[in-house]
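Engineer: Give me coordinates for this.
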Amino acid sequence: MKLLIGDRLIGRDQSVFLIAEVGLAHDGSLGAAHAYIDAAAACEVDAIKFQTHIAEQESTSEEKFRVRVFPQDATRYDYWKRTSFSKSQWLELAAHAREKGLQFLSSPFSNLAVDWLVECDVPAWKVASGELTNYPMLKKMCQTGKPLLVSSGMSSWQELQETIDFIDRQGSHFGIFQCTTAYPCPPEKWGLNIIPELISRFSCPVGLSDHSGCTTPGIVATALGASMLEFHVAFSKIQFGPDAKASLTFEQTQELVDSVRQVHIAMHNPIDKDTQAASSIHLHHLFTKSIVASRKLSAGHTLTFDDLAFKKPGTGIGANRWESFVGKVLKHDVIEDHFFTMSDFR
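Structural biologist: A predicted model of the protein is given here:
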């Protein structure tokens, strides 16, 4: 299965689809959200992604903080309220992203958020890990005809299979992201081994949703067959907010973009070892060693190992054949550095 996100085809034979995840790094500042769009576009990622929270539609005063870093917010509800944007502001952000050549994505967390993002004309739905069992919202997404990009962070294989079966029954196309819900995510929890298994189990485009704060997992995931990468971005790892340490700076983002593009080219241009060797014969001659005389030798001399030297260029008999020369008898005199041939011997 391949996906079409806007005008961008997603699949293993296509360049990796790179999503810069802002999430809530803007901390409710519309100006900061616009600045993230400009910075992401400068790194030539494919898409920028936000989270569309509408407090009264998704949360209650009972919702607890994952990480309590917001002294001005008594509850998570207060946090969603403070950091949310209006529908008109989301429309403005979506238009800005498109002007910069980026696909505009945002994870909805309520049915109303889906409605708003439909008006923003998102080309696909990014399903957050915690929404995997929110079937009413998933069905609403499916009804738009847009593909679903599913993060599998907190799901067992059974729960993930059930969700994918549900999406499949709706007739929707989908992709799946390996994701570990840890911020920042240490190497022992990256779960890169799951990427090939997702590809095998679901025969769909597979990606990595990364929270490591470094470029390594995205680069390795590309080599393992990932068609999509999502990673958090931040202007600084010491800025305010719970995701900053799990994010890439834009300097790191540029490094990741460049590395992933190079790995994709390498992985889709396989080298045949024999063909490569044949095309490098001049270098082979230049760098390998031939068997030569270590000193002047007379006709009738029986060669010992000490009579042999191994020197460049490799245009003569290769040094790997030295054992067959020991004990041979010379037909004629040879000078030092003489390149031995089989005609030299009786």
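Engineer: Enumerate every residue touching Pro217.
Structural biologist: Counting by C-beta atoms under 8 Å, 6 or more residues apart in numbering, Pro217 touches 187, 190, 192, 208, 210. Bear in mind the C-beta positions are built from the backbone N, C-alpha and C, glycine included.
Engineer: where's it, which helix or strand?
Structural biologist: helix 216-223 (DSSP states H and E).
Engineer: and what of Phe240?
Structural biologist: Going by DSSP H and E, Phe240 is not in any helix or strand.
Engineer: What is the burial count for it?
Structural biologist: Residues near Phe240, counting by other C-beta atoms under 10 Å, number 11.
Engineer: Just the pLDDT at it, thanks.
Structural biologist: Here the pLDDT value assigned to Phe240 is 82.
Engineer: surely it meets Asp27?
Structural biologist: Yes. Using C-beta atoms under 8 Å, Phe240 makes contact with Asp27 at a distance of 6.1 Å.
Engineer: returning to that earlier point: please identify the buried residues of whatever helix or strand comes next after the helix holding Pro217?
Structural biologist: Next in sequence after helix 216-223, counting helices and strands by DSSP H and E, comes strand 228-232. Residues of strand 228-232 classed as buried: 228-232 (neighbour count, 16 or more other C-beta atoms under 10 Å).
Engineer: which one of the contacts of Pro217 sits closest to Thr275?
Structural biologist: Closest to Thr275 out of the contacts of Pro217 is Leu192 (30.8 Å), distances taken as C-beta to C-beta.
Engineer: Now do the same contact list for the closest one.
Structural biologist: Leu192 touches 178, 208, 217, 220-221, 224, counting by C-beta under 8 Å, 6+ apart.
Engineer: Check Thr60 too.
Structural biologist: Going by C-beta under 8 Å, 6+ apart, the list of residues near Thr60 reads Tyr77.
Engineer: Is it located within a strand, as I assumed?
Structural biologist: No. Counting by DSSP: H, G, I helix; E, B strand; the rest coil, Thr60 is not found in a strand; it is coil.
Engineer: Tell me, how many residues neighbour Glu56?
Structural biologist: Using other C-beta under 10 Å, Glu56 has 12 neighbouring residues.
Engineer: For it, pull up the helix or strand it's in.
Structural biologist: Glu56 is part of helix 55-58 when elements are defined by DSSP H and E.
Engineer: Show me what the mean pLDDT comes to for the helix or strand following that helix.
Structural biologist: The first helix or strand that comes after helix 55-58 along the chain, using DSSP H and E, is helix 76-83. In this model, helix 76-83 carries a mean pLDDT of 90.
Engineer: Could I get the buried residue list for the helix or strand that helix 76-83 is followed by?
Structural biologist: Using DSSP H and E, the helix or strand that follows helix 76-83 towards the C-terminus is helix 87-99. Residues of helix 87-99 classed as buried by neighbour count (16+ other C-beta under 10 Å): 87, 90-94, 96-98.
Engineer: which one of those residues is nearest Leu256?
Structural biologist: Ala97 (19.3 Å).
Engineer: residues touching the nearest residue to that closest one once chain neighbours are set aside, list them.
Structural biologist: Of all residues not flanking Ala97 in the chain, Phe104 sits nearest, at 3.9 Å (C-beta to C-beta, 6 or more residues apart in numbering). Residues counted as contacts of Phe104 (C-beta under 8 Å, 6+ apart) are 47-48, 93-94, 97-98, 120-123.
Engineer: longest helix of this structure?
Structural biologist: Ranked by number of residues, the top helix in the chain under DSSP state H is helix 250-267.
Engineer: Contacts for that helix next, please.
Structural biologist: Residues contacting helix 250-267 (C-beta under 8 Å, 6+ apart): 15-16, 18, 20, 39-40, 42-45, 214-215, 218-219, 222-223, 229, 231, 233, 235, 248.
Engineer: Name only those of the contacts of Leu192 that count as buried.
Structural biologist: Neighbour counting with 16+ other C-beta under 10 Å marks 178, 208, 217, 221, 224 as buried within the contacts of Leu192.
Engineer: Correct me if wrong: the fourth one contacts Ile195.
Structural biologist: Translated: Ala221. Yes. Ala221 lies in contact with Ile195 (C-beta under 8 Å); the separation is 5.8 Å.
Engineer: And the helices in the chain?
Structural biologist: Secondary structure of the chain by DSSP H: the helices cover 30-42, 55-58, 76-83, 87-99, 111-119, 135-142, 157-169, 194-202, 216-223, 250-267, 273-279, 281-287.
Engineer: Output these in a markdown table; the columns should cover distance to Asp344.
Structural biologist: Below are those laid out as a markdown table (distance: least, C-beta to C-beta, whole Å):
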| stretch | distance to Asp344 |
| --- | --- |
| helix 30-42 | 67 |
| helix 55-58 | 87 |
| helix 76-83 | 84 |
| helix 87-99 | 75 |
| helix 111-119 | 82 |
| helix 135-142 | 80 |
| helix 157-169 | 69 |
| helix 194-202 | 56 |
| helix 216-223 | 50 |
| helix 250-267 | 45 |
| helix 273-279 | 28 |
| helix 281-287 | 20 |
